[in-house]
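Participant: test case, fold it:
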Amino acid sequence: MTIKKIKELKKGEYFRLKDSDSAPVWIKGDYVRSDKKYSTYKFEDVNHERLLSPDKSVFTDFEF
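Facilitator: Residues are numbered from 1 along each chain as shown. Predicted coordinates:
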């Protein structure tokens, strides 16, 4: 897995918050200007939204 910051990912790109095969997969959404954070949601539950700081480190380049 590769470590990147949220702001380096493209919209719709998959990532994980932990370096684990059992960690849930998240998808990057839009930038929320009022909160200055990115909207993200779980791959398996699109209603589970979380706002993350642009400098948050995440894990990419994995297979699931």
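Participant: from here on, contacts and neighbour counts on C-alpha atoms
Facilitator: Noted.
Participant: next up, phi/psi of the most far-flung residue of the chain relative to its centre, please.
Facilitator: Using CA atoms, centre = their mean, the residue of the chain lying farthest from its centre is Ser34. It sits 18.8 Å away. For Ser34, the backbone dihedrals (degrees, to the nearest 10) come out as phi -70, psi -30.
Participant: before we move on, what about the one 5 residues further on?
Facilitator: Summarising the backbone geometry of Ser39 under the convention degrees, to the nearest 10, its torsions are phi -80, psi 130.
Participant: against Arg16, how distant is it?
Facilitator: 14 Å (CA to CA, to the nearest Å).
Participant: what comes into contact with the lengthiest strand in the chain?
Facilitator: Ranked by residue count under DSSP state E, the longest strand found in the chain is strand 25-32. For strand 25-32, contacts defined as CA atoms under 8 Å, 6 or more residues apart in numbering pick out 6, 9-17, 37-44.
Participant: mind running it again at 10 Å?
Facilitator: Contacting residues not belonging to strand 25-32 are listed as 6-7, 9-18, 37-46, 48-54, 58-60, 62, 64 [CA atoms under 10 Å, 6 or more residues apart in numbering].
Participant: ok, of those residues, which come out buried?
Facilitator: Among the contacts of strand 25-32, those classed as buried by 16 or more other CA atoms under 10 Å are 6-7, 9, 11, 14-16, 37-42, 51-52, 58-60.
Participant: and the residues you listed, which of them are in strands?
Facilitator: Counting by DSSP E, the part of those found in strands is 14-16, 37-42, 51-52, 58-60.
Participant: next, give me the two most distant ones among those.
Facilitator: With CA to CA as the measure, no two of these lie farther apart than Lys37 and Thr60, at 19.0 Å.
Participant: and stretch 23-34, which residues are buried?
Facilitator: In stretch 23-34, counting by 16+ other CA under 10 Å, buried: 25-29, 31.
Participant: average pLDDT for the longest strand of the chain?
Facilitator: For strand 25-32, mean pLDDT rounds to 98.
Participant: which residues touch the nearest residue to Phe59 once chain neighbours are set aside?
Facilitator: Nearest residue to Phe59, sequence neighbours excluded (CA to CA, 6 or more residues apart in numbering): Ile3, at 4.7 Å. The contact partners of Ile3, by CA under 10 Å, 6+ apart, come to 15-19, 57-61.
Participant: before I go, just wanted to say thanks for your time.
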